[in-house]
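J.: any chance you can model this:
(one chain, ligands or ions: 1)
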Amino acid sequence: MNRHVEILADQFALIERSRKIVVDLIHEAVNASDRFTIALSGGSTPKNLYAALANESLPWSKIHVFWGDERYVPATHQDSNQLMARQAWLDKIEIPASNIHPMNTTGADPQQDAQRYEVELREFFQKPQGFPAFDLILLGMGDDGHTASLFPHTDALSVGDRLITVGNKDGQPRLTFSVPLINQANYVLFIVAGANKRPALKQVFATQGDEMQYPSRLIQPQGELLWLLDQAAAAEL
Ligand code: 6PG
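T.: So this is what the prediction gives:
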């Protein structure tokens, strides 16, 4: 694992830095393999990044957008990560509808929808076995140290044989990438801002710690790992 950390003065500098990193990764991947695959995070921090990307001129037809986790609500629900990304970014660019791959959350059973998304990923990446490698997985971190929908002391943390599993936030189901799928990525970018993240960050970055209590500790990709932090979040590191 190549873990790197960059500390930016404030959230605006953090978003600008993350925008440049994503744009550079897109150009690299499209030049190398004529496509770019990205998995989006929910939450308020990445929303500003998505808004910044909406102003970019990029080869949208070669970019494929997935979600790393999703609340188990309709795509029209205010809590939907899909809705947030569409409103902030995807509705504002000329990207083919078929390049947008949302998690289905309309079934009766989250486990079935998790399996459906797994099948879709395996077909897209032509990867019937093992774990496909996304070019980029965007992640945030909650103030409890969760990432995606991998919440402390939940069964999802231990799933090692599936791409997609069902997370649990206070009894509410969520679809989420599994830890091994995230760790297969070529590049994982965490964007974390705010003083409320300090305690969890300290635990996640500690040499010794409890991965079940602080699930972001489990993210140790074989590819590049960059944590973009603002000074408010990084003050105790
Ligand atoms: C979600 C996100 C979640 C988010 C963290 C941090 O579905 O809410 O995937 O993991 O990244 O909760 O959110 P903020 O960046 O808004 O603090």
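J.: low-confidence ranges in the protein?
T.: Within the chain, the set of residues satisfying pLDDT under 70 comprises 1.
J.: close to the ligand: what parts of it are there?
T.: 41-45, 69, 81, 140-142, 146-149 (C-beta under 6 Å from any ligand atom). Where C-beta positions appear, they are placed from N, C-alpha and C, glycine not excepted.
J.: please repeat the previous calculation with a cut-off of 8 Å.
T.: 41-47, 68-71, 81, 139-143, 146-150, 174, 191-194, 196-197 (C-beta under 8 Å from any ligand atom).
J.: inside strands: which ones of those residues?
T.: With DSSP state E as the criterion, strands contain Asp69, Glu70, Arg71, Leu139, Arg174, Ile191, Val192 from among the residues of the chain next to the ligand.
J.: just to revisit the earlier point, select only the buried ones of the residues of the chain next to the ligand in ChimeraX?
T.: Per 16 or more other C-beta atoms under 10 Å, the buried members of the residues of the chain next to the ligand correspond to this ChimeraX selection:
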select :41,42,43,45,46,47,68,69,70,71,81,139,140,141,142,146,147,148,149,150,174,191,192,193,197
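J.: for Trp60, which residues are in contact?
T.: Ile93, Glu94, Ile95, Pro96, Asn99 (C-beta atoms under 8 Å, 6 or more residues apart in numbering).
J.: which non-adjacent residue is nearest it?
T.: Setting aside the residues directly before and after it, Trp60 is nearest to Ile95 in space (C-beta to C-beta, 6 or more residues apart in numbering), at 4.0 Å.
J.: mind checking which helix or strand the one you found is in?
T.: Using DSSP states H and E, Ile95 falls within no helix or strand.
J.: what values do phi and psi take at it?
T.: phi -110, psi 130 (degrees, to the nearest 10).
J.: how close does it get to the ligand?
T.: As for Ile95, its distance to the ligand is 21 Å (criterion: C-beta to the nearest ligand atom, to the nearest Å).
J.: that residue reaches Lys62, doesn't it?
T.: No: look at Ile95 against Lys62 with C-beta atoms under 8 Å: they stay out of range, at 9.7 Å.
J.: give me the longest helix you can find in this structure.
T.: Longest helix in the chain, counting residues (DSSP state H): helix 11-33.
J.: mind listing what's buried along that helix?
T.: Buried, per 16+ other C-beta under 10 Å, within helix 11-33: 11, 13-15, 17-19, 21-22, 25-26, 29-30.
J.: didn't Gly140 look like it was pressed against Gly194?
T.: No: at 10.5 Å, Gly140 does not count as touching Gly194 under the criterion of C-beta under 8 Å.
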